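Engineer: turn this into a structure:
(one chain, ligands or ions: 2)
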Amino acid sequence: MTTYLVTGGAGFIGSNFIIYMLKKYSDIKIINIDSLTYAGNLDNLSDIENKSNYNFVKADICDFDAVKKIFSENDINFVVNFAAESHVDRSINEPDVFVKTNVFGTVNLLNCAKNSWQIGEDKYKENHKFIQVSTDEVYGSLGEEGYFTETTPLSPHSPYSSSKASADLFVKAYFDTYKMPVNITRCSNNYGPYQFPEKLIPLMINNTLSGKKLPVYGDGLQIRDWLYVEDHVKAIELTVQKGVYGEIYNIGGNNEKTNIDIIKNIINCINEETGKNIDYNIIEYVKDRKGHDRRYAIDASKIENKLGWYPETKFEDGIKKTIKWYLDNAKWLNNITSGSYKDYYKQMYEN
Ligand code: NAD
Ligand code: TYD
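Structural biologist: Numbering: from 1, shown residues only. Ligands and ions are numbered 1, 2, ... in the order given. Okay, the predicted model is just below:
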């Protein structure tokens, strides 16, 4: 049975990946290793947690013994490394943990995979590969024109994006030096079910639904290229199956929006869905984020041409589905904002 080691599978994209893969394929096994930080939530996986081809291991990706044990007890074909500290604002306040998880954790995974997969000098077991799930933020910030391609020089600005860029360079080094089978994917901003309400879209949905102000950083005219999470998951599926060793694939929605447009769109959709009449005056302009990147936009033509991927979900449909999901899953949101995550959430977002 093809076996996946998914790291950070209790987080937003990792849980969407596990659910999608286990619903689509009955002949694979998934082991999910997650240390369950504030962002990891096993509720995300309740639909599949009892499947016999799914295992959860609570452990830190930096823990050599724990990761080594997984490799010695299983023939892991594919590592898909989602585990990370992923929020820019937190990285500005507390960079160290980003270096630990995102850089040291990735190197620890690379070492354990290499030890298990290598069968000779520069030779590895067939059908084994390490997928590093990275971000477009490693490229830095764009002006009004142009797109990030896979050859755009790395120029990260935040501690988060710098730690992801460092991890990417280690993954590349393991390919260049040891010929280890790897791919790196660099995706734009995701949205969809199970996203922790610290990121723009779920934070704005949560605040609108609970009658709070919507904090817009700076002038609100920063641009992100938004992609529905299931489209990202499908791009990773294709990268696992068809990605050429050592290659980097950019993934993006071809869907640039300013933050303020996103926020107004969310208010409009919530009004439509609930029959409420919430006014734009809940929007509050606040102090800008330090080192705030102005514009991200991905050129995804390589993965489109080489692997046959394309973004299937139109933003207008994806945002409606997402808002409906948060409305239908008020219990999930409530557990974060008032339940077991309450103290963390209050300290971060309600002071
Ligand atoms: P997330 O913060 O929702 O989830 C991260 C998961 O990793 C959590 O379950 C957390 O418990 C786990 N984790 C953190 N530190 C760990 C450690 N030391 N050991 C084991 N598990 C640990 O993140 P996400 O939004 O799902 O992002 C997943 C990956 O995708 C990240 O690597 C991120 O850089 C990348 N990415 C995210 C986006 C986006 O828009 N969210 C876009 C492009 C790339
Ligand atoms: P975020 O979801 O944190 O993703 P990233 O910074 O990794 O792109 O933020 C998306 C954009 O929204 C970014 O330009 C910062 C902005 N933003 C706000 O204006 N207010 C907020 O409360 C948050 C969380 C983000």
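
Engineer: so the nearest residue in space to Asn102 that is not next to it in sequence is in which element?
Structural biologist: Among residues not flanking Asn102 along the chain, Ser163 sits closest, at 3.8 Å (Cβ to Cβ, 6 or more residues apart in numbering). Where you see a C-beta, it was placed from the backbone N, CA and C, and this is true even at glycine. Using DSSP states H and E, Ser163 sits in helix 159-178.

Engineer: near ligand 1 at all, that helix?
Structural biologist: Yes - Helix 159-178 reaches ligand 1 (Cβ under 6 Å from any ligand atom) through Lys164.

Engineer: residues near the closest residue to ligand 2 within the stretch 1-150 of the chain, how many?
Structural biologist: Closest approach between the stretch 1-150 of the chain and ligand 2, counting by Cβ to the nearest ligand atom: Val88, at 4.2 Å. By other Cβ atoms under 10 Å, the residues close to Val88 number 21.

Engineer: ditto for the one 4 residues further on
Structural biologist: Using other Cβ under 10 Å, Ile92 has 16 other residues around it.

Engineer: and the one 3 residues further on, by the same measure?
Structural biologist: By the measure other Cβ under 10 Å, the count of residues near Pro95 is 16.

Engineer: look up the pLDDT of it for me, please.
Structural biologist: What the model reports for Pro95 is a pLDDT of 98.

Engineer: one more: Asn265?
Structural biologist: On pLDDT, Asn265 comes in at 98.

Engineer: I figured Thr274 hits Ala330, correct?
Structural biologist: No - the pair Thr274 and Ala330 does not pass the contact test of Cβ atoms under 8 Å, sitting 11.6 Å apart.

Engineer: please identify which of these two sits among more neighbours.
Structural biologist: The residue with more neighbours, out of Thr274 and Ala330, is Thr274; 13 against 10, by other Cβ under 10 Å.

Engineer: near ligand 2, which residues of the protein?
Structural biologist: Counting by Cβ under 6 Å from any ligand atom, the chain sits next to ligand 2 at 88, 137, 189, 199-200, 203, 215-217, 222, 224, 259, 289.

Engineer: where does the residue of the stretch 251-351 of the chain found nearest ligand 1 land on pLDDT?
Structural biologist: Residue nearest to ligand 1 within the stretch 251-351 of the chain: Ile251 (8.0 Å; Cβ to the nearest ligand atom). With respect to pLDDT, Ile251 has a value of 99.

Engineer: measure the nearest residue to it once chain neighbours are set aside to ligand 1 for me?
Structural biologist: Once flanking residues are discounted, Ile251 sits nearest to Cys187: 4.0 Å by Cβ to Cβ, 6+ apart. Distance of Cys187 to ligand 1, given as Cβ to the nearest ligand atom, to the nearest Å: 4 Å.

Engineer: next: Phe78.
Structural biologist: Taking Cβ to the nearest ligand atom as the measure, Phe78 falls 16 Å from ligand 1.

Engineer: partner residues bridging that residue?
Structural biologist: Beta bridges link Phe78 to Tyr4, Lys129 when assigned by DSSP bridges.
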